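just need the structure, nothing else, for what follows:
(one chain, ligands or ions: 1)
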Amino acid sequence: MTLDRQPGGLLRASDAGRTVLLKGWVARRRDLGELIFLTVRDRSGLVQVVFDKARCPPDAVSGASEARSEDVVAITGEVILRGEGQRNKDLPTGEVEVLATGLEFLSRSETPPFVVENRTNATEELRLEYRYLDLRRPVMQKNFVLRDEIAFRVRKVLHERGFLEVETPMLTRSTPEGARDFLVPSRVHRGQWYALPQSPQLFKQMLMISGFERYFQLARCFRDEDLRADRQFEFTQIDLEMSFPTEEDIFDAVEAFLVEAFAAAGIAVARPFPRLIFKDAMERYGTDRPDLRYDLPLCNLGEEAAGTGFAPFEKALASGGTVRGLRVPGGAAFSRKRLDELTEKAREHGAGGLLWAKSAAGEITSPAKKGLPEGRLERLLAKAGVADGDLLLIVADKESAAFAALAALRAEAARELKLIDESRYAFCWVTEFPLLGFDAESQSWFPMNHPFTGPREEDLDRLESDPGSVRARAYDVVVNGWELGSGSIRIHRADLQERVFRVLGIGEAEGKERFGFLLDALKYGAPPHGGIALGLDRICAIAAGATSLRDVIAFPKTTSGIDLMTKAPADVFPQQLRELGFEPPVRPEK
Ligand code: ASP
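Take a look at the predicted model:
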């Protein structure tokens, strides 16, 4: 009789009496003399196999006594119930074991550089170098099972709503998403370059002009940015675009698949997501990706700070800056050392400094007390709603610095005061972003998103006269302080696109050269269209409760952009370079 392979991790008490064939990896061996135990791992989980010298053929016993961790084995045996005292509650298969009758080695393993178990003290470098071993760990496999389920559900929701999955090129022209491009030299066209896509932005717009009406893609994107813990050079976006949409249509499609995606991890997400306009998000939380699991709002102390003669306030206000505060409930208990750390944190986020005031046992203490007119500190505290036992943190600075610093302190205070309900997933939409930002250094306007974002109709007449006041039809979807995705209703008329290019300082010639195909396409009947892109890696990491994106990407790079397993980036053969028109670099002799 030939046996089909049985996933060992699925064996239960009801399987007792069955003869099974297991194929998998040896996770552990325990030799008790008369009995040898092997724990066998496959994708379905772990199961214990027992070799009983009194009952098992001698060659199987000798195989078992030689078996080492990570050997690949085929084992036949009978499923038996474990005795009362021998059950293992920590294993789903813990009520049974397999009484072995045969063992065959399918392949042997050298001693692995770390033990392949959920709990590991291997460094991340070692894990990435031996990624195939790292990925054998059940915790990692669980992440990829979830990732597959999320991707499947997203596809299903979008497919059912009539979105077509269309692939777009990897070798393309630069797309302006604000990052540096990865460039690929052309062998055939010497001296010319492809760029790897920062996003499929222009292709998806073309697909709308092609009449596809609804497009999506789990799209690989490439951005040559300085890597931080939560970024990778290449990542996957859930990218979509619709024709004739309102913002509501986009929100509806996205909320629908996010609910399904998080449900895959057992996380219930309520719809519709609350909405927040950009301006209110900044005023209240100092950031356009607020963590709404807690409130802790900032307050504007400009009025109370004006006319005090207090140098830090005067300086900030006179130069068009702001004075903002954050009330930290119960924060009067913060030590001096803690306040110094918070000041350091504020500086890291660009603020010149941090002022504080405490209200405790009816007394107000603050380093600003002497510098302020009588009664003014009380007014500041009253405006911020400070009660006895609270702390007020104040930043007087440029608006951007004040917001950045206080947003960071808000998050820090929430953690410290344990205001964060870790079981919550607080989604929201942020809308009405400014269309453009101003770069003081180059004295020019730049697109806050990308240059194809549509302005709001009612602001259009100020596009040239007051570009900074024009709001975009752009939106972000945010959860727990993370930006999950952003998108917009696009410009679909060539004249408006050219106007926006002009404001951005992209002249006619440059516009034609870089985006001529878009401007042309817009002239042949472009439907109104809009879309969004969400980071699939980030969604998976949050749903899996992973601390790093690297835990949901099979073969990620380190923060310095190295693939420790393949050792990319790497040298190539001189001949390959010559074919591309490059001279191989002269390297010092080793
Ligand atoms: N292309 C944009 C991005 O990658 C998303 C969009 O506007 O749809 O961020």
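
pretty sure residue 500 contacts residue 450?
No - if you go by CB atoms under 8 Å, residue 500 and residue 450 don't touch, sitting 10.5 Å apart. In short, each C-beta sits where N, CA and C put it, glycine included.

more neighbours: which of those two?
Between residue 500 and residue 450, counted using other CB atoms under 10 Å, residue 500 has the larger neighbour count: 23 against 18.

quick check: that one vs residue 464, distance?
Distance of residue 500 to residue 464, given as CB to CB, to the nearest Å: 10 Å.

mind checking pLDDT for whatever residue of the stretch 201-350 of the chain ends up closest to the ligand?
Proximity of the stretch 201-350 of the chain to the ligand (CB to the nearest ligand atom) peaks at residue 201, 3.9 Å away. Looking at residue 201, its pLDDT stands at 97.

now swap in residue 587 and tell me
At residue 587, pLDDT is 76.

list the contacts for the nearest residue to residue 532 once chain neighbours are set aside?
Closest residue in space to residue 532, ignoring its immediate chain neighbours: residue 487 at 2.7 Å, by CB to CB, 6 or more residues apart in numbering. The neighbourhood of residue 487, defined by CB atoms under 8 Å, 6 or more residues apart in numbering, consists of 250, 474-475, 530-533.

rerun that using 10 Å as the cut-off
201, 239-241, 247, 250-251, 254, 449, 453, 473-477, 530-534 (CB atoms under 10 Å, 6 or more residues apart in numbering).

of those, which belong to helices?
Taking DSSP state H, the ones among those that sit in helices are 201, 247, 250-251, 254.

what is the burial count for residue 341?
Residues near residue 341, counting by other CB under 10 Å: 13.

for it, which three-state class applies?
helix (DSSP: H, G, I helix; E, B strand; the rest coil).

and if you look at the one 3 residues further on?
Assigned with three-state DSSP, residue 344 falls in the helix class.

before we move on, back to that, now list whatever residues contact both of residue 500 and residue 464.
Common contacts of residue 500 and residue 464, defined by CB under 10 Å, 6+ apart, comprise residue 470.

can you show me the helices along the stretch 101-250 of the chain?
With DSSP state H, counting those that start in this stretch as the criterion, the stretch 101-250 of the chain has helices at 124-129, 131-134, 138-160, 201-209, 247-263.

residue 9 is nearest to which of these?
helix 138-160 (8.8 Å; CB to CB).

residue numbers of the chain in contact with the ligand?
Contact residues (CB under 6 Å from any ligand atom) of the chain with the ligand: 177, 199, 201, 486-488, 531-533.

where's the dip in pLDDT among those residues?
The minimum pLDDT among the residues of the chain next to the ligand falls on residue 177, with 84.

that residue and residue 235 touch, don't they?
No - look at residue 177 against residue 235 with CB atoms under 10 Å: they stay out of range, at 11.8 Å.

what is in contact with those two at once?
In contact with both residue 177 and residue 235: 221, 223, using CB under 10 Å, 6+ apart.

which parts of stretch 282-293 are buried?
Neighbour-count burial for stretch 282-293, counted by 16 or more other CB atoms under 10 Å, picks out 282, 284-293.

what's the span of that stretch, first residue to last?
Terminal residues of stretch 282-293 lie 16 Å apart, using CA to CA, to the nearest Å.

which of the ones in helices among the contacts of residue 487 sit farthest apart?
Distances among the ones in helices among the contacts of residue 487 were taken as CB to CB; the most separated pair is 201 and 251, at 19.5 Å.

between those two, which one's more packed in?
residue 201 (26 against 21).

list the contacts of the residue nearest to that one when sequence neighbours are not counted.
In space, and not counting its chain neighbours, residue 201 is closest to residue 175: 5.1 Å by CB to CB, 6+ apart. Contacts for residue 175 (CB under 10 Å, 6+ apart) come out as 181, 195-203, 221, 223, 450, 452, 514-515.
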